[in-house]
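J.: Fold the following, please.
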Amino acid sequence: RDRFASWNGTAPLDASSGQQQRHRLSRAGNRRINRTLHIMAAVQLRNATPGRIYFDAKKAAGKTSMEAMRALKRRLSNVVYRRMVHDQQTRQAAGPGGHSGTTRQSSVTDLPPDIGSSDKPLPGPTTTQPNPHFPAAS
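T.: Down below sits the predicted model:
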């Protein structure tokens, strides 16, 4: 998850100088993912969500709004990473049909049995009598 956070730009970088200890977000990394995480964080702050509670707790602990937002984005990055790992494990547990529990011999993935020409039903004899339900064409 740390490498994922570094890749998407939510891992904090040390920006300390002398006695002042500071961190900032990386401007490097995948900007599309970073923007998506930023939008996720902004939506979390609009409503009473666990993200909003986390943000408010960081602010109450003395963090600035920017520092609290950085922490929330990193937390959301960890949530996304856990979801991706879970999805990958689920995908690997799935059988060949894409669903867990399927096998190559199941009816989902198996071809229909061969039907020889002698096993196919033949059409019945044709009739020369007009159909009473349809009038004859004139």
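
J.: and the spatially closest residue to S6 that is not a sequence neighbour, which of the three is it?
T.: Using C-beta to C-beta, 6 or more residues apart in numbering and skipping the chain neighbours, the partner closest in space to S6 is G29 (6.9 Å). To be clear about C-beta, it is placed using only N, CA and C from the backbone, and glycine gets the same treatment. Using DSSP: H, G, I helix; E, B strand; the rest coil, the structure places G29 in coil.

J.: so who does G29 touch?
T.: S6, W7, N8, G9, T10 (C-beta atoms under 8 Å, 6 or more residues apart in numbering).

J.: Look up phi and psi at the residue nearest to K58 when sequence neighbours are not counted.
T.: Distances taken as C-beta to C-beta, 6+ apart place A68 nearest to K58, at 3.8 Å, with adjacent residues excluded. Backbone torsions for A68, taken as degrees, to the nearest 10, come to phi -70, psi -40.

J.: Look up how far A57 lies from A68.
T.: Distance from A68 to A57, counting by C-beta to C-beta, to the nearest Å: 9 Å.

J.: if you count what's nearby, which of those two comes out ahead?
T.: Neighbour tally, A68 and A57, criterion other C-beta atoms under 10 Å: the higher count belongs to A68, 21 against 12.

J.: The more buried one is in contact with I53, isn't it?
T.: No: using C-beta atoms under 8 Å, A68 is not in contact with I53, being 11.5 Å away.

J.: In space, what's closest to I33 - neighbours in sequence excluded?
T.: In space, I33 is closest to N8, 4.1 Å off (C-beta to C-beta, 6+ apart).

J.: follow-up on the earlier one: let me see the backbone angles for the residue nearest to S6.
T.: Per-residue torsions, G29: phi 90, psi -180 (degrees, to the nearest 10).

J.: any idea how far V43 is from it?
T.: Distance from G29 to V43, by C-beta to C-beta: 21 Å.

J.: cool, R27 as well?
T.: Taking C-beta to C-beta, one finds R27 at 23 Å from V43.

J.: Identify those among the contacts of G29 that sit within helices.
T.: By the criterion of DSSP state H, membership of the contacts of G29 in helices covers S6, W7, N8.
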